[in-house]
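Have a look; sequence and predicted model below, questions after that.
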Amino acid sequence: MKTRRIGTAEVSSIGLGGMPMSIEGRPDEARSVATIHAALDAGVTFIDTADAYHRFADEVGHNESLIAKALAGHERGSEVLVATKGGHLRPGDGSWTLNGSPAYLKSACEASLRRLGVEAIGLYQFHRPDPSVPYEESVGAIRDLLDEGKILQAGISNANPEQIRTANEILGGRLVSVQNQFSPAFRSSEPELDLCTELGIAFLPWSPFGGIKNAGALGSRFAPFAEVAKAHDVSPHQVALAWLLAKSPVTVPIPGASRPESIRDSVRAADLELTAEELERLDAA
């Protein structure tokens, strides 16, 4: 598979988002492990997770543990860059809360280290700004983890341009990734993508198909994606990923998957070449 860079790491241009394997509607563990193994067999070397990807209050880190188990059972598991996040929490009632305090982020990182079974996390990202904590303090905790060697690379998620510049400054120019929502249905992160392109920071579009509930209707909601897909005899989802890849050399889409066939289809987008006219049609959709 074609590759791109996240900081010092060379990774597959298409990653795997682990969230669907751990939240509501998740498959059984055997199918989840099969999905992760299918991704590795197809050349995926980048997997995204978070300690908040779970359903119940007593299973924080479910997705991290699942990924660690799957990687340990595959011959190429050690080749994968695993990115996890801290600062966003699920109390277990379906809601989401925030905690960006430095003390919490550092304890969350320690817990993620144990679940992933590593001495240092390949990429650790501040999951979402907490309005009750100064952003500089939250990112300062990520800087401390980087300086202490607990994490090898640092990123942020759900950030605006000002926060990207602030984080990069606090990290001493060591910000390597920004993970924001971006899809045919959600394009308000264009300024963040442009800034990441300018600074050479990896941009990781989450929910590239518009979210779990809307992914299946991608082609019907956005006709040009279905039309281009038909012309190439591929899925609209491959077109969406190829469109994202064409937007900038720093994009590394992370489509979620809970079935082996889904990630196999997504991976094929890395080899899909779209014409300038097709890209223009998709941008206008």
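All right, it came through fine.

Could you point out the helix or strand that follows the lowest-mean-pLDDT helix or strand in the chain?
Sorted by mean pLDDT, DSSP states H and E, the helices and strands of the chain end with helix 218-221, the least confident at a mean of 91. Scanning forward in sequence from helix 218-221 by DSSP states H and E, the next helix or strand is helix 223-232.

Strands of the stretch 51-200 of the chain, residue ranges please.
Using DSSP state E, counting those that start in this stretch, the strands found in the stretch 51-200 of the chain span residues 81-86, 88-89, 97-98, 123-126, 154-157, 175-181.

Ok, which of these comes nearest residue 188?
strand 175-181 (8.2 Å; CB to CB). Placement of C-beta: from N, CA and C, glycine included.

Show me what the closest one packs onto, helices and strands only.
strand 81-86, strand 123-126, strand 154-157, helix 161-170, helix 190-199, strand 202-206 (3 or more CB pairs under 8 Å, 6 or more residues apart in numbering; DSSP states H and E).

Try it again at 6 Å.
On a contact count with 3 or more CB pairs under 6 Å, 6 or more residues apart in numbering; DSSP states H and E, strand 175-181 meets strand 154-157, helix 161-170, strand 202-206.

Next, format those as CSV and append distance to residue 231 and mean pLDDT.
Conversion of the helices and strands packed on strand 175-181 to CSV gives the following (distance: least, CB to CB, whole Å; pLDDT from 0 to 100):
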stretch, distance to residue 231, mean pLDDT
strand 154-157, 34, 98
helix 161-170, 35, 98
strand 202-206, 23, 98
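
Quick one, which of those gets closest to residue 77.
strand 202-206 (20.7 Å).

Could you list every helix and strand that that closest one packs against?
By 3+ CB pairs under 6 Å, 6+ apart, strand 202-206 packs against strand 175-181.

mind exporting the least confident helix or strand of the chain as CSV, just the C-alpha atoms?
Extracted C-alpha coordinates of helix 218-221, given in CSV (Å, rounded to 0.1, in the frame of the first residue of the first chain):
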residue,chain,number,x,y,z
LEU,A,218,-23.1,7.9,1.5
GLY,A,219,-23.9,7.3,-2.2
SER,A,220,-27.5,8.2,-1.9
ARG,A,221,-26.9,11.4,0.0
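
Surely residue 108 is in contact with residue 85?
No: when contacts are counted by CB atoms under 6 Å, residue 108 is not listed as touching residue 85 (8.9 Å).

Based on its surroundings, how many neighbours for residue 270?
21 (other CB atoms under 10 Å).

And for residue 190?
Neighbours around residue 190, by other CB under 10 Å: 10.

Same check on residue 250?
20.

who are the neighbours in contact with it?
Residue 250 sits next to 196-197, 202-203 when contact means CB atoms under 6 Å, 6 or more residues apart in numbering.

try it again with 10 Å
4-6, 177-178, 193, 196-204 (CB atoms under 10 Å, 6 or more residues apart in numbering).

Which among the residues you listed count as buried?
4, 6, 177-178, 193, 196, 201-204 (16 or more other CB atoms under 10 Å).

Closest one to residue 268 out of the residues you listed, please.
Closest to residue 268, out of all of the buried ones among the contacts of residue 250 and judged by CB to CB, is residue 4, at 16.4 Å.

what's around the nearest residue to that closest one once chain neighbours are set aside, how many residues?
Spatial nearest neighbour of residue 4, excluding adjacent residues (CB to CB, 6 or more residues apart in numbering): residue 13 at 4.8 Å. The number of residues packed near residue 13 is 24, by other CB under 10 Å.

when you give positions from now on, start the count at 53
I'll keep to 53 as the first residue from here, and by that count the last item is residue 65.

Okay, residue 65 and residue 57: tell me how far apart.
Between residue 65 and residue 57 the computed distance is 10 Å (CB to CB, to the nearest Å).

shared neighbours, those two?
What both residue 65 and residue 57 touch, as defined by CB under 10 Å, 6+ apart, is the set 301, 304.

residues touching residue 176, list them.
134-138, 157, 160-161, 164-165, 194, 197-198, 202-207, 229.
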